[in-house]
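A.B. asks: kindly return the folded structure for what I paste below:
(one chain, ligands or ions: 1)
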Amino acid sequence: MLSNKTKNLRSFASASSWFDVYAAFSTFIMLLRTAFNDLIPRQIRSFLVSKLEAFFNSQPNNQISLHINEFWRNGRDENELFFAAQEYLPTRITRTYKSLKVGKLENEKHLNLAVDSSEEVVDEFEGTKFTWKLDENSEENSRHSQKQAFVLSFNEGNRERVLDRYIPHILKTHEAMKSEKRILEIYSWSPYYEWTERELSHPATFDTLALDPELKQAVVDDLERFLKRKEFYKKVGKPWKRGYLLYGPPGTGKSSLIAAIANYLKFDVYDLDLSYIDSDSDLMEAMRDVSGSSILVIEDIDCNKEVHVRSKPEQDSESGEVSGKFRLSNLLNFTDGLRSGGGEGWLIIFTTNHKEKIDPALLRPGRMDMHIHLSFLSGKAFPVMASNYLGIEGDHPLVEEIQGMLEKTQVTPAVVAEHLIRNEDPDLALEALVEFLKQH
Ligand SMILES: Nc1ncnc2c1ncn2[C@@H]1O[C@H](COP(=O)(O)OP(=O)(O)OP(=O)(O)O)[C@@H](O)[C@H]1O
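C.D. replies: So this is what the prediction gives:
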């Protein structure tokens, strides 16, 4: 039996040998660090460190899961991020996915795909992979029969990338997709003092409009500037507004240009018939319900006799009181007052066949930002019509002949369109148009 003293001496000896080992190990590590720093170039050192970090971050216990529930705040509000992900993820689905949901909405032409809960979707962003899974039985949404949530999983090292860039990227992509898919509406002001709504199905775009190329470009450039200024107007708290006056003979494409602008901006159209407006307060009422990101159209302002009468407030000869009639030029001021900012877009378009007849107050500088003259069809614009109606692309001898003739005649695009749709055979249609132009 060993005495207690001997035992203590032994344990002391073993503690001191551990201490020796520790000292030797520390020295070795210090030497290794010095050698690592002195002998290995900085770039290679950082590469090795990043690889080690990536290795440790990829371990399962470093996985983070974000739960994106369909409803937020105890199921009271819809979670915008959930719906953004719902639309965004199907765009990341590849042909290798075996289980998907498919559906079609009444007013849409294409099929819609959606993520199914039995399969994960892997998305790549900035070279990093993110895994998504649909959870159809998320308990947090118990107020609603559909208890769905997306679970986004990633390595802990990507936390900032996800919160600062990946999620904003999904929200932004979703915004762009929404505006692309948006079905535009046209609202008309009715005698019952309300806007009635229908789908704006006019197919005109800037590609199908037969306009002088320079004019077309000028309008597109102006619209682009208008869209880009949105943020600036939001910052300075001003209504984001622009006014156009379209003028020219009937059938030169005023309505078609309005539709092309609406389709380009993805803005709804509000068509205000002034014959239903009797006073400034009526006008205010109509304007109050015009939503942001829209085009307010007041057509044929010269044809509307009422507007002429009302362009100046009338005084009752006996009482001397100013009657309740309104000034059209006030419309622009109303629109300024009604929306104090918020970055909502307004385009106000007046159309007229006779610019010389309209209230000069409307033409003053600063009232309308652009006066757009739509005129007879020019030779330069004709190839667009030949392409729209007859599918002719590129050179064609009859197209060139017609281009030359159009420079010497005054025919509206509407009249030319009528001739082109009469005959399905492109050559026969062009020959008939040549004959018509000769007699014109
Ligand atoms: N510039 C154009 N480019 C292509 N098609 C046009 C153009 N202008 C007119 N058209 C054709 O003529 C038809 C009538 O044109 P639109 O209604 O746009 O003319 P408008 O100037 O608004 O006429 P109005 O003053 O009588 O309302 C359109 O449906 C379109 O087919």
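A.B. asks: look up how far the ligand lies from residue 301.
C.D. replies: Distance, residue 301 to the ligand, by C-beta to the nearest ligand atom, to the nearest Å: 12 Å. Backbone N, C-alpha and C define where each C-beta goes, glycine included.
A.B. asks: same check on residue 393?
C.D. replies: Remark: distance between residue 393 and the ligand (C-beta to the nearest ligand atom) = 16 Å.
A.B. asks: heads up, I number from 623, so please use that
C.D. replies: New numbering, starting at 623: the last item is residue 1015.
A.B. asks: just confirm that residue contacts residue 1009, I think it does.
C.D. replies: Yes: look at residue 1015 against residue 1009 with C-beta atoms under 8 Å: they come within range, at 5.7 Å.
A.B. asks: compare neighbour counts for those two and give me the winner.
C.D. replies: residue 1009 (16 against 9; other C-beta atoms under 10 Å).
A.B. asks: so what's the more buried one up against?
C.D. replies: For residue 1009, the contacting residues are residue 1015, by C-beta atoms under 8 Å, 6 or more residues apart in numbering.
A.B. asks: and it, helix, strand or coil?
C.D. replies: helix (DSSP: H, G, I helix; E, B strand; the rest coil).
A.B. asks: what's the pLDDT at it?
C.D. replies: pLDDT, residue 1009: 94.
A.B. asks: what about the strands in the stretch 773-922 of the chain?
C.D. replies: For the stretch 773-922 of the chain, the strands defined by DSSP state E, counting those that start in this stretch occupy 807-811, 817-821, 862-869, 890-893, 916-920.
A.B. asks: which one of those is the most hemmed in?
C.D. replies: With neighbours taken as mean count of other C-beta atoms under 10 Å, the strands of the stretch 773-922 of the chain reach their highest mean count in strand 916-920, at a mean of 23.
A.B. asks: quick one: list the elements packing against that one.
C.D. replies: helix 876-887, strand 890-893, strand 967-974 (3 or more C-beta pairs under 8 Å, 6 or more residues apart in numbering; DSSP states H and E).
A.B. asks: now do the second one: distance to the chain's middle.
C.D. replies: So the one you mean is strand 890-893. Taking C-alpha atoms, centre = their mean, to the nearest Å, the mean C-alpha location of strand 890-893 is offset from the chain mean by 17 Å.
A.B. asks: in the sheet, who's paired with residue 753?
C.D. replies: Beta bridges link residue 753 to residue 744, residue 775 when assigned by DSSP bridges.
A.B. asks: go ahead and confirm it touches residue 775.
C.D. replies: Yes: using C-beta under 8 Å, residue 753 is in contact with residue 775, at 4.6 Å.
A.B. asks: could the helices and strands packed on strand 916-920 go into JSON lines alongside mean pLDDT?
C.D. replies: Formatted as JSON lines, the helices and strands packed on strand 916-920 follow (pLDDT from 0 to 100):
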{"stretch": "helix 876-887", "mean pLDDT": "95"}
{"stretch": "strand 890-893", "mean pLDDT": "94"}
{"stretch": "strand 967-974", "mean pLDDT": "88"}
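A.B. asks: mind putting those into TSV with distance to residue 668?
C.D. replies: Conversion of the helices and strands packed on strand 916-920 to TSV gives the following (distance: least, C-beta to C-beta, whole Å):
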stretch	distance to residue 668
helix 876-887	48
strand 890-893	54
strand 967-974	48
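A.B. asks: ranking these by burial, who's on top?
C.D. replies: Most buried of those, by mean neighbour count (mean count of other C-beta under 10 Å): strand 967-974, with a mean of 23.
A.B. asks: between that strand and strand 862-869, how big is the angle?
C.D. replies: Relative orientation of strand 967-974 and strand 862-869, computed by axes from the mean of the first three to the mean of the last three C-alpha atoms, to 10 degrees: 20 degrees.
A.B. asks: buried ones in the next helix or strand after strand 967-974, by neighbour count?
C.D. replies: Using DSSP states H and E, the helix or strand that directly follows strand 967-974 along the chain is helix 982-985. Using 16 or more other C-beta atoms under 10 Å as the test for burial, helix 982-985 gives residue 984.
A.B. asks: show me what helix 982-985 is packed up against.
C.D. replies: For helix 982-985, not one helix or strand is in contact under the criterion 3+ C-beta pairs under 8 Å, 6+ apart.
A.B. asks: what about residue 830, how many neighbours?
C.D. replies: Residue 830 has 16 neighbours, counted by other C-beta under 10 Å.
A.B. asks: can you pull the contacts of the closest residue in space to residue 833 that isn't next to it in sequence?
C.D. replies: The spatially closest residue to residue 833, leaving aside those adjacent along the chain, is residue 1003, at 5.6 Å (C-beta to C-beta, 6 or more residues apart in numbering). The contact partners of residue 1003, by C-beta under 8 Å, 6+ apart, come to 832-835, 1035.
A.B. asks: which ones among these map onto helices?
C.D. replies: Those of the contacts of residue 1003 mapping onto helices are 835, 1035, per DSSP state H.
A.B. asks: I'd like the contacts of residue 1003 as a markdown table, with neighbour count, pLDDT and distance to the ligand appended.
C.D. replies: Shown next, in a markdown table, are those (neighbours: other C-beta atoms under 10 Å; pLDDT from 0 to 100; distance: C-beta to the nearest ligand atom, whole Å):
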| residue | neighbour count | pLDDT | distance to the ligand |
| --- | --- | --- | --- |
| 832 | 23 | 95 | 4 |
| 833 | 25 | 94 | 5 |
| 834 | 16 | 93 | 10 |
| 835 | 11 | 93 | 12 |
| 1035 | 23 | 96 | 3 |
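A.B. asks: residue 684 contacts residue 775, correct?
C.D. replies: No: contact criterion C-beta under 8 Å: residue 684 and residue 775 do not qualify, at 10.8 Å.
A.B. asks: hang on, the earlier thing: of the helices and strands packed on strand 916-920, which approaches the ligand most closely?
C.D. replies: Taking C-beta to the nearest ligand atom, helix 876-887 is the member of those nearest to the ligand, at 3.4 Å.
A.B. asks: what's that closest one packed up against?
C.D. replies: The contact analysis (3+ C-beta pairs under 8 Å, 6+ apart) places helix 876-887 against helix 835-850, strand 862-869, strand 890-893, strand 916-920, strand 967-974.
A.B. asks: mind giving me the packing neighbours of the shortest one?
C.D. replies: If I follow you right, that is strand 890-893. Counting contacts by 3+ C-beta pairs under 8 Å, 6+ apart, strand 890-893 packs against strand 807-811, helix 876-887, strand 916-920.
A.B. asks: and with 6 Å instead?
C.D. replies: In terms of contacts (3 or more C-beta pairs under 6 Å, 6 or more residues apart in numbering; DSSP states H and E), strand 890-893 is packed against strand 807-811, strand 916-920.
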